[in-house]
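# Pasting the sequence and the predicted model now:
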Amino acid sequence: GENVEQHPSTLSVQEGDSAVIKCTYSDSASNYFPWYKQELGKRPQLIIDIRSNVGEKKDQRIAVTLNKTAKHFSLHITETQPEDSAVYFCAAHNNNDMRFGAGTRLTVKP
Amino acid sequence: ETGVTQTPRHLVMGMTNKKSLKCEQHLGHNAMYWYKQSAKKPLELMFVYNFKEQTENNSVPSRFSPECPNSSHLFLHLHTLQPEDSALYLCASSQDLAGAFEQYFGPGTRLTVT
C-alpha cells in the first residue's frame, strides 16, 4: 500500500516569511495529491491539490509542486500570516486508496 | 458547514459500555470514511465504504464495528473499548473512490474512554 512521509513535523516562521512543507510517497501509481489544513478545534479542509499530469499549481499565496520521478511533492506558502497557523496534511491517492502524512504544525509569529 | 454532520460531538464512555457514532452526509457522495485522529497518529484511516460496500478495513480491532445502511449514513459501533481508543473520530465523504476527489470531513466526535 501507499506510504506517505511528511516533514517537518513542526515549523515556526515569522509573519511575512515563506513556509515549505515536503512530502514523499511510495506508490508510483498515485495520481492525486491534496493538501488539507486543520485549524485548532476544526475539521480538515482542502486548500489545494495537484494531479500527476501537472508539475506545479498556484492559488494566490499557496503553491504546490510535484516531482513524479522522485515521488515527492511540496506545499509553499508565501507572505505568511498569523491565520495560516494550523496543522497541514499532505495525502497521496492511487484510485482506491488515500493515505495522509503525519502532519506539520505551522506557527506564524506576528 | 452542514455538508457532513456527526453526532454526538462529545462522548464519554466506560470500557464496558456500548455506544454508536453517527455520520450523515448531504452531498450526494458515494464514498464514506472513518478516521481516528490522535496525537500519535494524526489521521489514521479506519474504514472505507463505497456505494454502501466496505472496501477497506485498515486492521482495525473488532471492538470497532462499522455500518453503512445507505450512501448517506455511516455508523461506528463501539463496545468494550480501551483507554487508548480515546481520540477524535472523523467521518468524511467523497464523490467516489475511483478517480480522485476531495474528501469532506465532518466536525468529529471527541471520544473519551474511562
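That came in fine, so what should we check first?
# Residue of chain B closest to chain A, please.
B:A100 (3.0 Å; CB to the nearest CB). Yep, even glycine has a C-beta here, placed from its N, CA and C like the rest.
# what's the helix or strand for that residue?
Secondary structure assignment for B:A100, by DSSP states H and E: no helix or strand.
# Could you do B:L111 as well?
Using DSSP H and E, B:L111 sits within strand B:109-113.
# Could you check how many residues crowd around A:V54?
A:V54 is flanked by 13 other residues according to other CB atoms under 10 Å in any protein chain shown.
# what residues are up against it?
A:L66 (CB atoms under 8 Å, 6 or more residues apart in numbering or on different chains).
# what bits of the chain have low per-residue confidence?
Chain wasn't specified; assuming chain A. Chain A contains residues with pLDDT under 70 at A:95.
# Chain B, not that one
In chain B, residues with pLDDT under 70: B:1-2, B:98-99.
# residue contacts, the residue nearest the centre of it?
The centre of chain B sits closest to B:W34, judged by CA atoms, centre = their mean, with a distance of 2.9 Å. Applying CB under 8 Å, 6+ apart to B:W34 gives the contacts B:23, B:45-47, B:66, B:74, B:76, B:89-91.
# re earlier: tell me how far the residue of chain B closest to chain A lies from A:A92.
10 Å (CB to CB, to the nearest Å).
# what's the overlap in contacts for the two?
Common contact partners of B:A100 and A:A92 (CB under 8 Å, 6+ apart): A:Y32.
# quick one, which of these two is more surrounded?
A side-by-side neighbour count of B:A100 and A:A92, using other CB under 10 Å, places A:A92 first with 27 against 22.
# right, and that one touches A:R99 too?
Yes - assessed by CB atoms under 8 Å, A:A92 is found in contact with A:R99 at 5.9 Å.
# and A:P110, how many residues sit next to it?
Residues lying near A:P110 (other CB under 10 Å) number 8.
# Overlap of the contact sets of A:A92 and A:R99?
Common neighbours of A:A92 and A:R99 (CB under 8 Å, 6+ apart) are A:2, A:4, A:25.
# Distance check, the residue of chain A found nearest chain B against A:H76.
Nearest residue of chain A to chain B: A:Y32, at 3.0 Å (CB to the nearest CB). Distance, A:Y32 to A:H76, by CB to CB: 19 Å.
# ok, now A:S30?
In this view, A:S30 and A:H76 are 20 Å apart by CB to CB.
# Residue numbers of chain A in contact with chain B?
Residues of chain A lying near chain B by CB under 8 Å from any CB of the partner chain: A:31-32, A:34, A:42-46, A:49, A:51, A:87, A:89, A:93, A:95-100, A:102-103.
# a helix runs through B:E84, doesn't it?
Yes - B:E84: assigned to a helix according to DSSP: H, G, I helix; E, B strand; the rest coil.
# count of neighbours near the closest residue to it other than its chain neighbours?
Sequence neighbours aside, B:V113 is the residue nearest to B:E84 in space, at 7.9 Å (criterion: CB to CB, 6 or more residues apart in numbering or on different chains). Using other CB under 10 Å, B:V113 is surrounded by 19 other residues.
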